[in-house]
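J.: give me a model of this one.
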Amino acid sequence: MSKSTTSFSTPNGGEIARGIRGSSLLFAGRCLSLGMNFAIQLAAVRYFTKDEFGIYSVALSAVAVTAVFAAFGMDKTALRVLPRFQSQGDLKRFSAATLLMAMATFLCSLFAIVVIYLIWGVQNTYASPSRSMDLMLVMIWMTPCIVLDCFVTSLFSVFGKPRAIFIRQHVLGPLLRLAAVIVVVLAGGGIFAFAAGQLVASLIGILIYATLVRSLIRERDDFVRVTWADMKSTAREVFSYSLTLIFGDVGFLMRGSMVVLIIGMFHTPAEVAGFQAVFPAARLNDIVIATFSMLFMPGAGRLFSEGAIDSLNHLFRKTTVWTTVLSFPLFLACFLMPEQLCVLLFGVQYADSASTLAILSLGFFINTAVGMNLRLIRVVSGLKTLILVDVISLAGAVATNLLLVPTLGAVGGAWAILIGFGIQGIACMAAVAMTVDVNPMAWRLIRTYSIAAILTGCLWAAVQSALIVPLGVPILLAATSVLFAWLCREDLEVANVFPEVTRVPYLGRLLNTEQTG
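T.: Next up is the predicted model:
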């Protein structure tokens, strides 16, 4: 067998390397933006009282729920439908589908705004609306911004424009929101001023995205003039797929924003604040798969339509290993040092949220480790399979939330999210194994999962037995993360994805492992 250290030993290896390289750029950008978004979160937690932050969290979660329904699944539909039209060279249907999805997201967003104002009006007639509902009147205008932001990001992903996504979504957007927070805090504004500042920042971000889209249309030959008849002929395929995403979107909400709303229904704003404060920290474990999915899904769709199953297997395995290795350090920190992180970041009043943070971080790490199965079936499986998986996941999420949240509060919400991710992961792996010739439990993946579990178990036992002094835990976590990456180096093929590292003394020799064909 031949040996190579410079290229992937599989068809379409160059495209796979470019996809992972681009995803790594987006991951770096996502880390940068998360740093700024986390600063915004910390500012809100520290600036407001616990009850005020709970009120703000309920309103923000309601906006997130509204935005998911207003998006109508078009951001995910674009990642499935547009690459297929693109690979077939059908520019008429490509342009018609793009225009149709953009119009649908915008109109649904306006409809959502009207509904919220009607609900507020009814409440104002018969009773005094809550402060969260009053706050919604300001924040609901963020819905079109959120929806269009997600759709345009998917559009740039289809065209393989990671730099544009990096600049707009991970640099300019967070900077604008952070600047708005600084202005409000310095001016001594309340939660309504805080919400208004975030709205203004979102509007400016959309204007920037509009200029980027205009430049994209001018430089690409994929967009052609279409008629109403072209849009009508494409509508069935677009909406038939987007409608199947409703169950999955509701399931997604039941592992996030809906949990906050359910806690708010049965518990105090302080309980809501305790959950919402640590939720973004635990969700840091989810940023890797969210970033890699942007380029994985269009690439997987093209490989499947071309019948390149070997390359699809290779892309799936490599992307899964990369996401698991990159999310491991974040998971270890949240899982093994939850109380220290809660006190350090949010203050002593949030120390009781440590168990919530640990449970949530485990759930999000499991979702990252097996989450590419869901992304894969979204681009290669039939509609019946998608609906079945989404219904199973949704049923599990609803049942666990209704059973655990009313009695256990924030901790119950964390357990519901963990169990929900487990049910979804099992359903998706079974769907992949039955519908496409990709092995979701290949030996290389089992090996990666086993190493992660063994290292986590050993560290957890050492921390619980007090064998390690508190100051030594972060150093041990960093060393363990490096060890995990080194043990998985043959599957990562870092030297193939980033050949520049081979020119770095010692590091290049360490990572330049021989790959067998």
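J.: so what's Val411 up against?
T.: Val411 makes contacts with Ser355, Thr356, Ile359, as judged by CB atoms under 8 Å, 6 or more residues apart in numbering. Where C-beta positions appear, they are placed from N, C-alpha and C, glycine not excepted.
J.: surely Ala195 and Ile140 touch.
T.: No. In this structure, Ala195 is not within contact of Ile140 by CB atoms under 8 Å, at 10.0 Å.
J.: joint contacts of these two?
T.: If you check Ala195 and Ile140 against CB under 8 Å, 6+ apart, no residue is contacted by both.
J.: now do the helices in the stretch 401-517 of the chain.
T.: 410-435, 443-464, 473-487, 489-492, 494-497, 507-511 (DSSP state H, counting those that start in this stretch).
J.: figure out which of the ones you listed is closest to Gly299.
T.: helix 494-497 (13.7 Å; CB to CB).
J.: I'd like to know how many residues surround Val200.
T.: Val200: 16 surrounding residues under other CB atoms under 10 Å.
J.: is it true that it lies in a helix?
T.: Yes. The assignment for Val200 by DSSP: H, G, I helix; E, B strand; the rest coil puts it in a helix.
J.: ok, and the closest non-adjacent residue to it?
T.: Among residues not flanking Val200 along the chain, Ala180 sits closest, at 6.2 Å (CB to CB, 6 or more residues apart in numbering).
J.: okay, now the one you found: neighbour count?
T.: Around Ala180 there are 22 residues (other CB under 10 Å).
J.: one more: Arg93?
T.: Arg93 has 21 nearby residues by other CB under 10 Å.
J.: next SSE downstream of the helix or strand hosting it?
T.: Following DSSP states H and E, the helix or strand that holds Arg93 is helix 91-126. Scanning forward in sequence from helix 91-126 by DSSP H and E, the next helix or strand is helix 131-139.
J.: quick one: that following helix to chain centroid distance?
T.: 26 Å (CA atoms, centre = their mean, to the nearest Å).
J.: now that helix: buried residues?
T.: Of the residues in helix 131-139, Arg131, Ser132, Met133, Asp134, Leu135, Met136, Leu137, Val138, Met139 count as buried by neighbour count, 16 or more other CB atoms under 10 Å.
J.: what of stretch 455-463?
T.: Those would be Leu455, Thr456, Leu459, Val463, for stretch 455-463 by 16+ other CB under 10 Å.
J.: export it as PDB, just CAs?
T.: The C-alpha trace of stretch 455-463 is given here as PDB (Å, rounded to 0.1, in the frame of the first residue of the first chain):
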ATOM      1  CA  LEU A 455      -9.800  10.200  30.000                       C
ATOM      2  CA  THR A 456     -13.000  11.900  31.400                       C
ATOM      3  CA  GLY A 457     -13.600   9.100  33.800                       C
ATOM      4  CA  CYS A 458     -10.000   9.100  35.100                       C
ATOM      5  CA  LEU A 459     -10.100  12.900  35.600                       C
ATOM      6  CA  TRP A 460     -13.500  12.900  37.300                       C
ATOM      7  CA  ALA A 461     -12.300  10.200  39.800                       C
ATOM      8  CA  ALA A 462      -9.100  12.200  40.500                       C
ATOM      9  CA  VAL A 463     -11.000  15.400  41.100                       C
END
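J.: the spatially most central residue of the chain: which element?
T.: Most central in the chain under CA atoms, centre = their mean is Ala290, positioned 3.6 Å from the mean C-alpha point. Assigning secondary structure by DSSP H and E places Ala290 in helix 287-305.
J.: that helix - what's its average pLDDT?
T.: For helix 287-305, the mean pLDDT works out to 73.
J.: as JSON lines, the helices of the stretch 401-517 of the chain with mean pLDDT and distance to Ala333 would be great.
T.: What follows is the helices of the stretch 401-517 of the chain, written out as JSON lines (pLDDT from 0 to 100; distance: least, CB to CB, whole Å):
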{"stretch": "helix 410-435", "mean pLDDT": "88", "distance to Ala333": "17"}
{"stretch": "helix 443-464", "mean pLDDT": "87", "distance to Ala333": "11"}
{"stretch": "helix 473-487", "mean pLDDT": "85", "distance to Ala333": "6"}
{"stretch": "helix 489-492", "mean pLDDT": "76", "distance to Ala333": "21"}
{"stretch": "helix 494-497", "mean pLDDT": "60", "distance to Ala333": "22"}
{"stretch": "helix 507-511", "mean pLDDT": "54", "distance to Ala333": "24"}
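J.: reformat those helices as a markdown table; add distance to Leu199.
T.: Putting these into a markdown table (distance: least, CB to CB, whole Å) gives the following:
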| stretch | distance to Leu199 |
| --- | --- |
| helix 410-435 | 27 |
| helix 443-464 | 41 |
| helix 473-487 | 38 |
| helix 489-492 | 41 |
| helix 494-497 | 39 |
| helix 507-511 | 45 |
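J.: what's the closest of those helices to Val343?
T.: helix 473-487 (14.2 Å).
J.: show me what that closest one packs onto, helices and strands only.
T.: helix 309-336, helix 443-464 (3 or more CB pairs under 8 Å, 6 or more residues apart in numbering; DSSP states H and E).
J.: what's the angle from it to helix 443-464?
T.: On the basis of axes from the mean of the first three to the mean of the last three CA atoms, to 10 degrees, helix 473-487 is oriented at 160 degrees to helix 443-464.
J.: of the buried residues of helix 131-139, closest to Ser215?
T.: Using CB to CB, the buried residues of helix 131-139 come closest to Ser215 at Met139, 30.2 Å.
J.: returning to that earlier point: okay, the angle between the helix holding Ala290 and helix 309-336?
T.: Relative orientation of helix 287-305 and helix 309-336, computed by the same axes, to 10 degrees: 170 degrees.
J.: which strands or helices does helix 287-305 pack on?
T.: Helix 287-305 packs on helix 13-47, helix 74-88, helix 143-158, helix 162-167, helix 309-336, helix 354-370, helix 372-380, going by 3+ CB pairs under 8 Å, 6+ apart.
J.: let me know which of those is the nearest to Trp228.
T.: It is, among these and with distance given as CB to CB, helix 74-88, at 18.1 Å.
J.: returning to what we had before: hang on, the residue nearest to Val200 packs against Ser202?
T.: No. Applying CB under 8 Å as the test, Ala180 and Ser202 come out as separate, 9.2 Å apart.
J.: about what we covered before: what residues sit buried inside the helix holding Ala290?
T.: Buried-residue list, helix 287-305, by 16+ other CB under 10 Å: 287-304.
J.: do stretch 369-383 as well
T.: Judged by neighbour count (16+ other CB under 10 Å), stretch 369-383 contains these buried residues: 369-381.
J.: next one: stretch 324-341
T.: With the criterion 16+ other CB under 10 Å, stretch 324-341 contains buried residues 324-338, 341.
J.: let me know how buried Ala399 is, in neighbour terms.
T.: 15.
J.: could you report the neighbour count for the residue nearest to Ala235 when sequence neighbours are not counted?
T.: Excluding its sequence neighbours, the residue lying closest to Ala235 (CB to CB, 6+ apart) is Leu100, at 6.0 Å. The number of residues packed near Leu100 is 21, by other CB under 10 Å.
J.: again with the one 4 residues further on
T.: Residues contacting Ala104 under the criterion other CB under 10 Å number 22.
J.: one more: the one 10 residues further on?
T.: For Val114, the neighbour count with other CB under 10 Å is 10.
J.: got it, and Gln349?
T.: Neighbours around Gln349, by other CB under 10 Å: 16.
J.: switch to numbering from 477
T.: OK, 477 is where the count begins now, so the last one is Gln825.
J.: surely it meets Asp527?
T.: No. Using CB under 8 Å, Gln825 is not in contact with Asp527, being 11.2 Å away.
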